[in-house]
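J.: Sequence plus predicted model, see below.
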Amino acid sequence: MAEQPTAPSCAPTSNPSTLSNPAPGASASGTPRAPQTAQVPQAARVPRVLSIAGTDPSGGAGIQADLKSIAASGGYGMCVTTSLVAQNTCGVREVFTPPLEFLTAQLAAVFDDVTVDAVKIGMLGDADTIRTVRTWLSEHPVPVVVLDPVMIASSGDRLLQAEAEQALRDLVPLVNVITPNIPELAVLCEKEPAQTFDEAHEQAANLAAATGTTVIVKGGHLCGQDAGNTAVFPDGTCAHVRTPRLDSRNTHGTGCSLSSSLATRLGVELLQHAEVAEHTAEQSVLTSEDTHRALQWSTRWLHESIAAGAGLQVGSGEGHGPVDHAARARRLEAAASAYPWHHLLATTDSEGNTLDGTSPERLLPVSPVPAGEAVVKPAGPWTAALWAAGGETWHQILDLPFVRALGDGTLDEDLFAFYLDQDALYLRDYSRALATLSARADTAEAQVHWAAGAHEAIAAESQLHEGWLANRARLGGPSPITMGYTNFLRASAAGDDYVVGAAAILPCYWLYEEVGAVLSSQNHADHPYAEWLSMYGGEEFAADVARSLAEVERAFEAASPAQRVRAAQAYLSACVYEREFFDQAHRALR
Ligand SMILES: Nc1ncnc2c1ncn2[C@@H]1O[C@H](COP(=O)(O)OP(=O)(O)O)[C@@H](O)[C@H]1O
Ligand SMILES: Cc1ncc(COP(=O)(O)OP(=O)(O)O)c(N)n1
């Protein structure tokens, strides 16, 4: 399950405290420093985040990755360059470090003009650069400073002179958070690299206690299924964020991306505090819960970015490719499209034949993706045409991060809880739509069938209330997707022709059964959602689906061509709503 501590001593802290460390030059007492509140103007809602780091002209690491990560995490990015690095996905070729005066000139240009809410420090290269940055931040305190103690790139090339390691150790107590990878943590602690999470956790706990700085233990370099990150706080508490390990070569720049995203999300938390502080006497300070929330956001965003990295096709493939920083933004942009659905616009198929409902071939546009075999077979040519037309949507459903993660057991519990909460609300209205359809059916058999479905849906809803949702906090209302779907079903069942209502109702039976067959084939005794998945795929429900298909087939046969077209469109609209329903937790929560 999500957010469970993996180390024995690591339990998510519920103890609010100020963010472990003051920024350079600020009071070490943990009390809020004057510049912190003074620097956040009342109207600021987007944190202004400065990356002080080296470059990567191939765009995967360094400042280039930082700026993309800051934008993706909701901040305004700025950068001050420490070193110009000629590198790509295969390695570092050359490093040019501009004179220190130029570093200071860049810092002055930013700070003279812009209020900086958060700083991420990356590659510093040598001791003189470390000291220059340290002096600057001591004289210009910033509320959030995250240090990624960059030493060696994933290609194995050194990015910090060995003799500068002590200067970097000296910088640690002066920042709020550090994000070392396993070898970097070992260097900072002057120990051998940890082999297990417990060893890494112990090193981090000692370092955090000694320096007063929150240490993020990163799981990327460890083995095991969980590649997640743990925030280890100076008071000994910690909070773990789980993330499944991906089999990917696109890990160039993951450390840069995580640290700059984290600095940004801490900036977001800080500005939210500042907003509250505007109206109350509350002080604008960050808590360990803020850090946990920020780490959760950044870890999950990075996971999606790594997973999508290979699709960018950046690099020869011999080295480590970059992550796709914009993957989530692109997914959400596509999900937010308000353009009418294709099947509601199409009047002819790809060969120019009018979609007039006179035959199963003239019902809907052909799906560009073949549907494959359904577990519960169509009841005749009309429902076969529906299944074939829904092929693309069906495969999109199987490909959704929610469905994939539910199947392989990596789904975070907050996403599952969101889904179930909405499912309970959905079932209540689905039951009403079925009851309406029952009242309108022209055969006793159909009337009984839909009425039984209405009964089962409301019984399933109350089972959810008494079971999984019983002791969990609920949102208390339907999402726009749940509301859109249920209103569509109720309107189709009550206000349109019977065949249209029956076709609209069908995907919730049929696709649910088909998704269930895929999911239950992945079930096993140790699956975190074993109990839930075992409810799928029962013979009784499959028989109900078959009966619904037979009734829809009969209704199509009896309908006029124009009614069939509208019914087929309603069927596909409901398929799309099914997809949206399965996807909505990933839109609402990340
Ligand atoms: N193979 C992977 N699968 C999933 N997440 C990964 C993977 N590699 C790295 N990450 C994520 O990226 C973060 C930073 O990567 P890591 O390799 O630990 O640091 P660095 O890039 O600094 O060497 C990790 O904490 C983890 O969340
Ligand atoms: C200019 C620059 N800074 C840092 C790194 C190291 O990046 P990191 O995020 O640690 O990722 P890997 O390169 O180690 O995968 C860099 N390469 N260049």
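T.: Perfect, I can see it now. Predicted, not measured: the structure shown is a model, and the values here were computed from it. Numbering: from 1, shown residues only. Ligands and ions are numbered 1, 2, ... in the order given.

J.: would residue 215 count as being in a strand?
T.: Yes - remark: residue 215 belongs to a strand, assigned using DSSP: H, G, I helix; E, B strand; the rest coil.

J.: ok, now which ones touch the nearest residue to it once chain neighbours are set aside?
T.: Distance criterion C-beta to C-beta, 6 or more residues apart in numbering; nearest residue to residue 215, sequence neighbours excluded, is residue 204 at 4.0 Å. Backbone N, C-alpha and C define where each C-beta goes, glycine included. Contact analysis of residue 204 by C-beta atoms under 8 Å, 6 or more residues apart in numbering lists 185, 215, 216, 217, 230, 232.

J.: Now which of the residues you listed would you call buried?
T.: For the contacts of residue 204, a burial check counting by 16 or more other C-beta atoms under 10 Å picks out 185, 215, 216, 217, 230, 232.

J.: you'd agree the fourth one is up against residue 199?
T.: Yep, that's residue 217 we're talking about. No - the criterion here is C-beta atoms under 8 Å, and residue 217 misses it with residue 199 at 10.0 Å.

J.: In terms of secondary structure, what does the helix or strand hosting residue 303 contact?
T.: Secondary structure assignment for residue 303, by DSSP states H and E: helix 288-309. Judged by 3 or more C-beta pairs under 8 Å, 6 or more residues apart in numbering; DSSP states H and E, helix 288-309 is in contact with strand 214-218, strand 229-232, strand 238-241, helix 254-279, helix 327-335.

J.: any idea which of the ones you listed scores lowest on pLDDT?
T.: Among those, helix 254-279 has the lowest mean pLDDT, at a mean of 91.

J.: Output the contacting helices and strands for it.
T.: With contacts taken as 3+ C-beta pairs under 8 Å, 6+ apart, helix 254-279 sits against helix 34-38, strand 48-53, helix 62-72, strand 118-121, strand 144-147, strand 177-178, strand 214-218, helix 288-309.

J.: Identify the neighbouring strands of the fifth one in the sheet and state each direction.
T.: It refers to strand 144-147. strand 118-121 (parallel), strand 177-178 (parallel) (DSSP bridges).

J.: what's the next secondary structure element after the longest one?
T.: Secondary structure here is assigned by DSSP H and E; on that basis, the next helix or strand after strand 118-121 toward the C-terminus is helix 127-139.

J.: Okay, angle between that following helix and strand 48-53 too, please.
T.: 160 degrees (axes from the mean of the first three to the mean of the last three C-alpha atoms, to 10 degrees).

J.: Any buried residues in helix 127-139, and which?
T.: 127, 129, 130, 131, 132, 133, 134, 136, 137.

J.: now, which of the residues you listed sits nearest ligand 2?
T.: Ligand 2 has its nearest neighbour among the buried residues of helix 127-139 in residue 129, at 12.4 Å by C-beta to the nearest ligand atom.

J.: so where's the stretch 301-450 of the chain uncertain?
T.: With pLDDT under 70 as the threshold, the stretch 301-450 of the chain has no low-confidence stretch at all.

J.: just the residues of it that are near ligand 1, which are they?
T.: Within reach of ligand 1 by C-beta under 6 Å from any ligand atom, the stretch 301-450 of the chain has these residues: 302, 303, 306.

J.: Would you mind giving both backbone torsions of the nearest residue to residue 224 once chain neighbours are set aside?
T.: Spatially, and ignoring its direct neighbours in sequence, residue 224 is nearest to residue 245 (6.9 Å; C-beta to C-beta, 6+ apart). Main-chain dihedrals, residue 245, degrees, to the nearest 10: phi -70, psi 130.

J.: Residue 245 and ligand 1: what is the separation?
T.: According to C-beta to the nearest ligand atom, to the nearest Å, residue 245 stands 4 Å off from ligand 1.

J.: re earlier: now, which of the contacts of residue 204 sits nearest residue 462?
T.: residue 230 (39.3 Å; C-beta to C-beta).

J.: With ligand 1 as the reference, measure out to the closest one.
T.: 9 Å.

J.: ditto for residue 505
T.: The separation that residue 505 has from ligand 1, given C-beta to the nearest ligand atom, amounts to 41 Å.

J.: Good, we can wrap up now.
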